[in-house]
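Peer 1: Return a 3D structure for these sequence lines:
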Amino acid sequence: MTATGTAPTLVFVHGALVRDGSWWWRPTADLLQERTGVASVAVALPSCGETDADGGDLQDDASALRAVLDAHDDVVLVGHSYGGTVIAEAGAHPSVRHVVLVSSYTPPVGASQGSTMSGEPDPVAVRVDDGRVVLDGYDEASFGARFLQDADEPLQRDAFARTTSQDAAAFGATTTRTGWADVDSTAVVCTEDRSTTVALQRSHAARATATVELPTGHHPFISRPDLVVELLEPLLA
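Peer 2: Purely as a prediction, here's the structure:
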């Protein structure tokens, strides 16, 4: 609680090539609200087709995040994967008390999502169709095995149903700010992640204020919400 007794809000920015951030965050959101009374809000990203906009790039996603932050006075901001790049581009915001980056990035100015991922030894398979990036060759089983191997099959199936195309411009746009650098931050390294290598996670986590390692796959807020809530609780007090 703040000095006025008002609970903060948790704002969640989801990763690339998916939609419906509130669904991805819900297992943690429900447990977090039960334990702390803190409500969660998920940002709709234009580049993922979640708004009325006709596509969008990184700057459009960052603008969508800033609009959500403008509506709240006290925020713990959580970014997952590409969501960390959105947080970087959104820049400093007075409502944010802490940034949490889950299997995510702390890109310097001039980096892009594409360049950040370019050195991965086993990159996620994608293709570009009509200016939009889509997952290439995955079905429910292979998607689950790569991204959610520590979740049950119904969750894997529901997650795959929420994959989507994303404007290719979001992957090529370079950052002009370092929003993660202007506030205390915690990087969460997921040591069983099959999507983003632990080495890449740790290299970006080194720029955060603190690092926590969790024995989970790419989406701990789905597979181990208990661990994520345990991490968040002290940041919300």
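
Peer 1: which residues in the chain form strands?
Peer 2: 9-13, 39-42, 75-80, 96-102, 126-129, 132-135, 166-167, 185-190, 210-214 (DSSP state E).

Peer 1: what helices or strands is the third one leaning on?
Peer 2: With contacts defined as 3 or more C-beta pairs under 8 Å, 6 or more residues apart in numbering; DSSP states H and E, strand 75-80 has these neighbours: strand 9-13, helix 82-90, strand 96-102. All C-beta atoms are positioned from the backbone trio N, CA, C, and that covers glycine.

Peer 1: OK, contacts around the spatially most central residue of the chain?
Peer 2: For the chain, His80 is the residue whose C-alpha lies nearest the centre (C-alpha atoms, centre = their mean; 1.7 Å). Listed by C-beta atoms under 8 Å, 6 or more residues apart in numbering, the contact set of His80 reads 12-15, 24, 102-104, 219, 221.

Peer 1: Which of the residues you listed are buried, as a ChimeraX select command?
Peer 2: Typed into ChimeraX, the next command selects the buried ones out of those (criterion: 16 or more other C-beta atoms under 10 Å):
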select :12,13,14,15,24,102,103,104,219,221
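
Peer 1: and which of the contacts of His80 is nearest Pro121?
Peer 2: Ser103 (16.2 Å; C-beta to C-beta).

Peer 1: so who does the closest one touch?
Peer 2: 80-81, 188-190, 193, 195-196, 201, 218, 220.

Peer 1: Same list (the residues you listed) but as TSV, adding pLDDT and distance to Ser165.
Peer 2: Formatted as TSV, the contacts of Ser103 follow (pLDDT from 0 to 100; distance: C-beta to C-beta, whole Å):
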residue	pLDDT	distance to Ser165
His80	98	18
Ser81	98	16
Val188	99	27
Val189	99	28
Cys190	99	25
Asp193	98	23
Ser195	97	18
Thr196	98	20
Gln201	98	25
His218	98	19
Pro220	98	25
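
Peer 1: Run the angle between the top helix by length along the chain and strand 75-80 for me.
Peer 2: Longest helix in the chain, counting residues (DSSP state H): helix 21-36. Computed with axes from the mean of the first three to the mean of the last three C-alpha atoms, to 10 degrees, the direction of helix 21-36 lies at 130 degrees from that of strand 75-80.

Peer 1: what comes into contact with helix 21-36?
Peer 2: Residues contacting helix 21-36 (C-beta under 8 Å, 6+ apart): 7, 10, 12-14, 18, 38-40, 42-45, 50, 78, 80, 158-159, 162, 219, 221-222, 225-226, 228-229, 232-233, 236.

Peer 1: Thank you kindly, that will do.
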